[in-house]
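1. Sequence and computational prediction follow.
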Amino acid sequence: MNTTLAQRQQAYARLLLQEGLNVQKGQLLAIDCPVDQAWFARLCAAAAYDMGCREVVMNWNDDALTREKYLRAADEVFDSVHSWTADFFEKVSAEGGAWLAIHAADPENLKGCDPDRIQRAQIASGKALEGFRRRETNNEFPWCVCSVPTERWARKVFPELETEAAMEKLWEAILQAAYVDGGDAIANWRAHSAELARRTERLNACAFSTLHYETGLGTDLTVELPEGHFWAGGAETCVTSGVRFSANIPTEEVFTLPVKTGVNGVVYASRPLSLQGNLIEGFGFELKEGKIVRAFAEKGEEVLRNAIAVDEGASYLGEVALVPWDSPISQSGVLFYNTLFDENASCHFAFGEAYPCIRGAEQMSRAELEARGMNTSITHVDFMVGTRDLRITGTTAAGETMTVFENGNFAL
Ligand code: ZN
Ligand code: ZN
């Protein structure tokens, strides 16, 4: 593996455009990118044009400006979203444009900012971008979430290193997680994706009706799964074009949805959660008939409570995801403070909006899906619960029990 970092960064950009989005001739591409990593957006745009992309449109962001806004802008601006911003998201997604979201925020960028402003802005954006989010959840356009290091994020992950060394080390960790190892990155990714598909097949064959989670941290939680649910993982299919794409790079999860009102017990998080620029640590939830009736945290409790209160569905679960303790990201030992990576190091749930992982969902109305137990919300936040000693027991509709996870890993 004598390839340079620059060569692997180029291979990563190509991987994002080919396997992540599978950009088609004549297609529009939107890229979210931090301004100080513009060079990487340029690499991605070049790769997209090589594939016949019609036009690349940019959605730039900047941590420092975002922070200034939360600290100093007029109070009323947090209750609405500009029509031109909403229009951008609406137009690109409605025509089936590809969307590359490069997430690289400092996990504590909004530390000390008013939690009320953060919550109101989240509600406003949830409402204004509802159409966009719904198309995204339903895979009506190809989208891919990925990351590149930024200086403040890299320093947070590797506080013992100088900025330049921390940036390089975070790049190595990101490339490794995406299987960009100097060999054929595309072939590596396809092989990995095929393995995730095999896991979903095994779980789908079992057709569990409940999963029971137990960990030494104190988790004791029973999760009911809807009738006709399926597990997804690896590549997904865009429902409007039939094109295959990978919504997250990296990804190690297979996931489905719970019955909204079918979750009972206590769950303890196993990793901190970076939420709207704040870090939540040592937290957990108690759930009764699906609803979070108690939220607790050693750090960031107010932000956590606000996050589960943005609407009715925010205090119910919307995702059940399985990731082995032995996954490469978990084994790297790096705590990324970035959900894209941390969720792929650990079994997790999300509170808020569910993915419609129910057979025949395309033909069902929103009301029919909700009747099957699907949760809906303007939010969707993954939180990690997997531990080295996690045990998950599955029960089928016929009452047969099977060990799904033992000592943090698949036992099926
Ligand atoms: Zn997930
Ligand atoms: Zn999720």
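-> Good, I have the coordinates. Ligands and ions are numbered 1, 2, ... in the order given.
2. does the closest residue to residue 158 other than its chain neighbours sit in a helix, a strand or a coil?
-> Computed as Cβ to Cβ, 6 or more residues apart in numbering, the closest residue to residue 158 that is not its neighbour in sequence is residue 166, at 4.1 Å. Using the backbone N, CA and C atoms, a C-beta is placed for each residue, glycine as well. Secondary structure, DSSP: H, G, I helix; E, B strand; the rest coil: residue 166 is helix.
3. and residue 166, what is it in contact with?
-> By Cβ atoms under 8 Å, 6 or more residues apart in numbering, the contact set of residue 166 is 149, 151, 154, 155, 157, 158.
4. Please repeat the previous calculation with a cut-off of 7 Å.
-> Counting by Cβ atoms under 7 Å, 6 or more residues apart in numbering, residue 166 touches 154, 155, 157, 158.
5. As CSV, those residues with pLDDT, secondary structure and neighbour count would be great.
-> CSV is the format used below for these (pLDDT from 0 to 100; DSSP: H, G, I helix; E, B strand; the rest coil; neighbours: other Cβ atoms under 10 Å):
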residue, pLDDT, secondary structure, neighbour count
154, 96, helix, 23
155, 94, helix, 18
157, 95, helix, 19
158, 97, coil, 19
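6. Which of the residues you listed sits closest to ligand 2?
-> Ligand 2 lies nearest to residue 157 out of those, by Cβ to the ion, at 20.9 Å.
7. can I assume the closest one is in contact with residue 170?
-> Yes - counting by Cβ atoms under 7 Å, residue 157 sits close enough to residue 170 to count as a contact (5.7 Å).
8. Quick check: mean pLDDT of stretch 83-94?
-> The average pLDDT for stretch 83-94 rounds to 97.
9. does the residue of the stretch 1-150 of the chain found nearest ligand 1 count as helix, strand or coil?
-> Closest approach of the stretch 1-150 of the chain to ligand 1 (Cβ to the ion) occurs at residue 145, with a separation of 10.6 Å. Each residue gets one of three states, and residue 145 gets strand by three-state DSSP.
10. Next one: it, what pLDDT does it get?
-> The model reports residue 145 with a pLDDT of 97.
11. Excluding chain neighbours, give the residue nearest to it in space.
-> Using Cβ to Cβ, 6+ apart and skipping the chain neighbours, the partner closest in space to residue 145 is residue 101 (4.7 Å).
12. how close does the nearest residue to residue 37 once chain neighbours are set aside sit to ligand 2?
-> Nearest non-adjacent residue to residue 37, counting by Cβ to Cβ, 6+ apart: residue 148, 5.1 Å away. Distance, residue 148 to ligand 2, by Cβ to the ion, to the nearest Å: 21 Å.
13. again with residue 248
-> 9 Å.
14. I'd say that residue and residue 143 touch.
-> No - if you go by Cβ under 7 Å, residue 248 and residue 143 don't touch, sitting 9.4 Å apart.
15. Low-confidence stretches in the stretch 1-150 of the chain?
-> The model of the stretch 1-150 of the chain has pLDDT under 70 over residues 1-2.
16. if we can go back for a sec, which single one of the contacts of residue 166 is nearest to residue 399?
-> Closest to residue 399 out of those is residue 157 (45.8 Å), distances taken as Cβ to Cβ.
17. contacting residues for the closest one?
-> 166, 170, 334, 336, 337.
18. Most neighbours among those, which one?
-> Neighbour counts for the contacts of residue 157 were taken using other Cβ atoms under 10 Å; the highest belongs to residue 170, with 27 neighbours.
19. okay, that one: pLDDT?
-> We note a pLDDT of 97 for residue 170 in this prediction.
20. any idea which helix or strand carries it?
-> Per DSSP states H and E: residue 170 is located in helix 163-177.
21. and the helix or strand just after that helix with helix 163-177, angle?
-> The C-terminal neighbour of helix 163-177 among helices and strands, as given by DSSP H and E, is helix 185-206. Counting by axes from the mean of the first three to the mean of the last three Cα atoms, to 10 degrees, helix 185-206 points 50 degrees away from the direction of helix 163-177.
22. Please point out which parts of helix 185-206 sit buried.
-> Neighbour counts over helix 185-206 (16 or more other Cβ atoms under 10 Å) mark 185, 188, 189, 192, 193, 196, 199, 200, 203, 204 as buried.
23. how about those in CSV, adding distance to ligand 2 and pLDDT?
-> What follows is these, written out as CSV (distance: Cβ to the ion, whole Å; pLDDT from 0 to 100):
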residue, distance to ligand 2, pLDDT
185, 24, 97
188, 24, 97
189, 20, 97
192, 19, 96
193, 18, 96
196, 15, 95
199, 17, 95
200, 16, 96
203, 17, 97
204, 19, 97
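24. Looking at these, which two lie furthest apart in space?
-> 185 and 204 (28.7 Å).
25. How many residues are close by the residue of the stretch 251-400 of the chain found nearest ligand 1?
-> Proximity of the stretch 251-400 of the chain to ligand 1 (Cβ to the ion) peaks at residue 321, 4.1 Å away. Residue 321 is flanked by 25 other residues according to other Cβ under 10 Å.
26. Residue 365 now?
-> By other Cβ under 10 Å, 8 other residues sit near residue 365.
27. The one helix or strand residue 47 maps to packs against which elements?
-> Using DSSP H and E, residue 47 maps to helix 38-50. Secondary-structure packing of helix 38-50 (3 or more Cβ pairs under 7 Å, 6 or more residues apart in numbering; DSSP states H and E): helix 5-15, strand 28-34, strand 55-61.
28. Next, the buried residues of it.
-> Here helix 38-50 shows 40, 41, 43, 44, 45, 47, 48 as buried, counting by 16+ other Cβ under 10 Å.
29. Appreciated, that's everything.
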